[in-house]
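Colleague: 3D model of this:
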Amino acid sequence: MTTHEFNGERIVGNGKMFISTKEIASMLGITRETVLTWIKAGKIPASRVGRTYIIKSKDFELFLERTRIPPTAPNF
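Modeller: Below you'll find the model as predicted:
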């Protein structure tokens with residue numbers, strides 16, 4: 001996943017300041033319905049514009065960092 005910077009803010013993915021639920025689903029290999037469930041549960045902050053949710057790229061990046069599982073040491 002690429003990151004860009006715009007006015008001092010890091011932007012993930014395609015370089016846009018906002019991304020759609022469809023783009024998040026595609027990036028993570030999950031369904032759009034799962035993304036909507038996370039939004040409704042408050043896991044990903046989003047704004048609603050008409051019938052569409054938009055997510056700040058920065059908020060999505062923070063979500064990824066919060067839910068990241070740290071690597072474990074190999075068992076030899």
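
Colleague: which stretches of this protein form helices?
Modeller: 21-28, 32-40, 57-66 (DSSP state H).

Colleague: can you redo these as TSV with distance to residue 48 and mean pLDDT?
Modeller: From N, CA and C alone the C-beta is placed, and that goes for glycine too. Formatted as TSV, the helices of the chain follow (distance: least, CB to CB, whole Å; pLDDT from 0 to 100):
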stretch	distance to residue 48	mean pLDDT
helix 21-28	11	93
helix 32-40	9	97
helix 57-66	14	92
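
Colleague: Relative to residue 73, tell me which of those helices wins on proximity.
Modeller: Proximity to residue 73 (CB to CB) singles out helix 57-66 among those, at 21.2 Å.

Colleague: Please identify the buried residues of the closest one?
Modeller: Across helix 57-66, burial judged by 16 or more other CB atoms under 10 Å covers 57, 58, 59, 60, 61, 63.
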